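In: Build the 3D model from these lines:
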Amino acid sequence: MVPPTAEQQPKVAIITGAASGIGKHWAGVLAAHGWRLALADVNEAGLRDAFTAGETLRLHRLDVRFAEDWHTLVGDTLRAYGRIDCLFNIAGGGRLGFLVDQPAENVDLVIDLNLKGPVYGMRLVGQVMATQRGGHIINVASLAGLSATPGNSLYSAAKAGLRSASLAAAVELRKYGVYVTVV
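Out: Numbers count the residues shown, from 1 in each chain. Below is the predicted model:
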């Protein structure tokens with residue numbers, strides 16, 4: 001028997017923020033189209049309420065702010081499915097309030113959650129995709145990264161940073177057949 005080609009094999013995606021909202025939506029769409037999924041969220045109970053783990057669907061608690069969590073997620077996905085075709089970097093959140101009123105812990109949380117975390121994922125998954133000579137990273141950066149609004153300065157700064165990092169990574173990774181899209 002001849003093994004299937006890469007084009008014939010089911011695609012594999014990691015989706016962060018999969019317990020709700022945009023991440024949950026995309027997980028449902030891709031699952032319906034036969035993708036193999038590694039779904040991740042800091043809200044593990046919500047993730048398990050929304051999805052049932054199985055042969056083609058793996059569930060992971062992931063706090064995107066921590067590189068160790070990313071290593072665990074990527075390692076498990078590679079062991080289970082042998083490759084990663086797409087990363088949907090969707091997890092994020094903010095703390096509304098004027099900059100001068102924000103406590104230091106909010107600065108760390110919002111920047112780590114919306115910039116540092118997705119960059120960790122883009123870096124690690126980008127290495128995998130460069131080695132396999134193909135893949136697509138989709139980063140959700142929000143309109144707030146283009147047009148800041150009062151009371152949203154931390155979130156806007158983080159999402160603008162993610163947009164810039166995405167654009168630079170797109171140029172860097174293209175020679176390996178890896179696409180980076182920022183939404």
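
In: average model confidence for stretch 30-42?
Out: The pLDDT scores in stretch 30-42 average 97.

In: Of all the residues in it, which ones are buried?
Out: 30-31, 35-42 (16 or more other C-beta atoms under 10 Å). In short, each C-beta sits where N, CA and C put it, glycine included.

In: A helix includes residue 58, no?
Out: No - Residue 58 is assigned strand when assessed by DSSP: H, G, I helix; E, B strand; the rest coil, not a helix.

In: Surely it is in contact with residue 39?
Out: Yes - with contact defined as C-beta atoms under 8 Å, residue 58 reaches residue 39; the gap is 7.0 Å.

In: I'd guess residue 165 is in a helix, am I close?
Out: Yes - counting by three-state DSSP, residue 165 is part of a helix.

In: Contact partners for it?
Out: Residue 165 makes contact with 115, 118-119, 122, according to C-beta atoms under 8 Å, 6 or more residues apart in numbering.

In: give me that answer again for 7 Å
Out: Shown in contact with residue 165 (C-beta atoms under 7 Å, 6 or more residues apart in numbering): residue 119.
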